[in-house]
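> just need the structure, nothing else, for what follows:
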Amino acid sequence: MKYALWHVAIIASMVWVVSPDSAFCETGSVKSDTVKMPTDVPLLPAVTAQTEKATGQVMTDKLSNAVGTEYVIGAEDVLDITVWRNVDLSRQVQVRPDGRISMPIIRDVVAVGKTPTKLAEEMTNKLKEYVQNPVVAVTLKEVNSSNIFLLGEIAHPGKYPLKSRTTLLQGITMAGGFKETAARNQIVIFRFTETAPGMKRFTASYDDIVLRSGISDNFELKPGDTLVVPSESMVVFPGR
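Purely as a prediction, here's the structure:
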């Protein structure tokens, strides 16, 4: 009897030691009010709607600097035209110099000056006269109409495709940069004008763009631009 009472006393004392500050009570169940989170762990900042909006705006700004508006089809571009569930009407075509493409049934279609989405909509409407519920998709396969021409004292002169928004300095980088003999402060750009026939001439200075407040001279190149970097041995252009 004494042994039994002594054994119960030991168990009671063990329960008393464990129960006050432990996560377990006498029955072994978890106490919800005794589980404490550490106070020295840094918490992540809450993602609010304002934060998401600001982040989205930054991403939009970055994309807007890299990619222009939807591409406009030009002469010599190669298009992949798919008519859903109709292999016979699906073709890969090149835009002719007159700005048209040739397709089965609907024949010649003007493609130049239109976006792929706009061209697909027009072709869909034309095919409705011959095909039930046509669905047309137009994909740009090759860019051959938007080009710039880089000449003179640069590493790799030639013709380069203009696939996205490209500045003057980026264009020079595409061609491998300047040669040692380049007159980099006498850059000349020739551009076709939209309002009048002929070309317009621009000048730019590398040092003004990079070292001075001439960031406006690092303008965006347009399809058809011809950029010339003369040699230092050439005659300096008037006004520079």
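
> tell me which stretches of this protein form strands.
Assigned by DSSP state E, the strands in the chain fall at 78-83, 91-94, 100-103, 107-110, 136-142, 147-152, 158-161, 187-192, 199-204, 226-229.

> okay, the ones you listed in a markdown table with distance to Glu180 and mean neighbour count next?
(C-beta placed from N, C-alpha, C; glycine too.) Compiled in a markdown table, these are given as follows (distance: least, C-beta to C-beta, whole Å; neighbours: other C-beta atoms under 10 Å):
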| stretch | distance to Glu180 | mean neighbour count |
| --- | --- | --- |
| strand 78-83 | 39 | 18 |
| strand 91-94 | 41 | 15 |
| strand 100-103 | 46 | 18 |
| strand 107-110 | 48 | 14 |
| strand 136-142 | 35 | 16 |
| strand 147-152 | 13 | 19 |
| strand 158-161 | 19 | 14 |
| strand 187-192 | 16 | 19 |
| strand 199-204 | 19 | 14 |
| strand 226-229 | 12 | 20 |
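
> which one of these lies nearest to Met174?
strand 158-161 (5.3 Å; C-beta to C-beta).

> can you name every helix or strand that the closest one contacts?
On a contact count with 3 or more C-beta pairs under 8 Å, 6 or more residues apart in numbering; DSSP states H and E, strand 158-161 meets strand 147-152.

> in its sheet, what does the strand it packs on sit against?
Strand 147-152 sits in its sheet next to strand 158-161 (antiparallel), strand 226-229 (parallel), going by DSSP bridges.

> and Gln92, which of the ones you listed is closest to it?
Here strand 158-161 is closest among these (C-beta to C-beta), at 18.3 Å.

> show the average pLDDT along the closest one.
What strand 158-161 shows for mean pLDDT is 94.

> need the residues that contact it.
Residues from elsewhere that reach strand 158-161 (C-beta atoms under 8 Å, 6 or more residues apart in numbering): 143-144, 146-150, 171, 174-175.

> what is the most widely separated pair among these?
The widest separation within the contacts of strand 158-161 (C-beta to C-beta) is 18.6 Å, between Asn144 and Ala175.

> which one's more surrounded, those two?
Ala175 (20 against 14; other C-beta atoms under 10 Å).

> could you report the pLDDT at the more buried one?
pLDDT at Ala175 comes out at 96.

> before we move on, what about Phe149?
Here the pLDDT value assigned to Phe149 is 97.

> lovely, talk soon.
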